[in-house]
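In: can you look at this prediction? I've put the sequence above it.
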Amino acid sequence: MDALWDKLGAGPGRAAEDIQRLKADDLPLVLYGDGWYAPYLREYLGRRGLTAAAVFTDAGFTTSGQAVSFAEVNGRFEKFNIVIAFANAPLAREKLARLDRARVGGVYFFDVMGELLGNTFDRAWFETNKARFGAAYDLLADSLSRETFLAFLDAKLGGNAEALADISRKEQYFPKGIIQLSDSEVFVDGGAYTGDTLLTFMRLTGGKCARACAFEPETANAAKLAATVAARGLRGVTVHNKGLWSAPATLPFAVWHGTSASAVSGAGEVSVEADTVDRLAPDATFIKLDVEGAELEALKGAAATIKRNRPKLAVCVYHRPGDLFELPLFIKSLVPEYRFYLRQHQPVACETVLYAVI
């Protein structure tokens, strides 16, 4: 195990090296892709003094309205570098391999999600916390979980940015073989947004459950969620325009701006109300948490419920540097019998979910 951690901690800083190479080449930088990932990549590159000279997509697909065809890019520049601007880099490379790349200097990819979500750490921090990372790793119940753990860390440390794509899986929050649903669930959806996870839960259960509590602190999202629940006639669903925390509180809250997600923050421009699972859903049998870095506080506010009910847990572990070890170790301290699984649900370092089941 020590050799494994040493190898990970001493791996190449590939991302930093690639940035230096792009600057040294002094070639026009062209983005391939213009979907949800592109704005994050543009900001990441901009922070490093790099801007795109053009963007091309497949069959003219564009969200910014700036994309052109590869043929147009190829005719515009004598030589250029490509930076992949959608999350699934292996798929992008497959598509690029079919093109005439005689004028392409190089093809690059960066996993930018950690930095733009405020979750970054360096090798010194990793070394300081290596024992706790190791303790969390040892809790994982299967080989895919352990592979995911290592690939996530490697991506965070600027190593192989594309390894997560190979282990990414669908079925977020409800992976087959891990989460088994009954028709008597009391479902807590922490960070419910406008209802995507809640609707999936209802579809998978056929609408049969004891009840569901959806927590969404952002007022506009909570209103849309409540409207969806009413329009679809979902029974037994309560929408709380609140966040989840370790105790009832009024918290500063930063609203979504550009590539920054809404979250509890000392720099927040508004205030939101928060409460606990222990107070509002003490009978919970399944708790999902995607609360933008407040997962540990939300778990503390659900501690009595977790100890008593031992509910299924699906907890995001990608928002803060210590989440990957702090959250499983805290849950383990509450219920030692839990089995832990880690799954990656995007090809980049976000939507990484820890599952705890009995």
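Out: Arrived safely.

In: chain neighbours aside, what residue packs nearest to Leu140?
Out: What sits nearest to Leu140 in space, not counting adjacent residues and going by Cβ to Cβ, 6 or more residues apart in numbering, is Arg146, at 5.1 Å. Quick note: C-beta positions are derived from backbone N, CA and C, even for glycine.

In: what's stretch 90-97 in contact with?
Out: Here stretch 90-97 makes contact (Cβ atoms under 8 Å, 6 or more residues apart in numbering) with Tyr32, Gly33, Asp58, Ile82, Ile84, Phe86, Val107, Phe109, Glu162, Ala165, Asp166, Pro347.

In: give me the mean pLDDT for it.
Out: Averaged across stretch 90-97, pLDDT comes to 94.

In: separate out the buried members of the contacts of stretch 90-97.
Out: By neighbour count, with 16 or more other Cβ atoms under 10 Å, the contacts of stretch 90-97 hold Tyr32, Gly33, Ile82, Ile84, Phe86, Val107, Phe109, Glu162, Ala165, Pro347 as buried.

In: tell me which of these fall in helices.
Out: Per DSSP state H, helices hold the following members of those: Ala165.

In: hang on, the earlier thing: of the contacts of stretch 90-97, which is the nearest to Leu251?
Out: Of all the contacts of stretch 90-97, Leu251 sits closest to Pro347, with 32.3 Å by Cβ to Cβ.

In: show me what contacts the closest residue to the closest one other than its chain neighbours?
Out: Spatial nearest neighbour of Pro347, excluding adjacent residues (Cβ to Cβ, 6+ apart): Ala165 at 3.7 Å. Residues counted as contacts of Ala165 (Cβ under 8 Å, 6+ apart) are Ala87, Asn88, Ala89, Pro90, Leu91, Pro347, Val348.

In: I figured the second one hits Leu164, correct?
Out: No - under the criterion of Cβ atoms under 8 Å, Asn88 lies out of contact with Leu164, with a separation of 9.8 Å.

In: joint contacts of these two?
Out: Pro347.

In: looking at those two, which one has more neighbours?
Out: Taking neighbours as other Cβ atoms under 10 Å, Asn88 and Leu164 compare with Leu164 leading, 27 against 20.

In: contacting residues around that one?
Out: With Cβ under 8 Å, 6+ apart, Leu164 has these contacts: Asp111, Thr148, Ala151, Phe152, Ala155, Gln344, Gln346, Pro347, Val348, Ala349.

In: quick check: Val73 is in a helix.
Out: Yes - the assignment for Val73 is a helix, going by DSSP: H, G, I helix; E, B strand; the rest coil.

In: skipping its backbone neighbours, what lies nearest it in space?
Out: Phe56 (4.8 Å).

In: can I see the domain layout of this protein?
Out: 2-110, 130-357 (automatic domain parsing).

In: just to revisit the earlier point, make sure the residue nearest to Leu140 is indeed in a helix.
Out: Yes - according to three-state DSSP, Arg146 belongs to a helix.

In: so it touches Asp138, yeah?
Out: No - with contact defined as Cβ under 8 Å, Arg146 does not count as touching Asp138 (9.2 Å).
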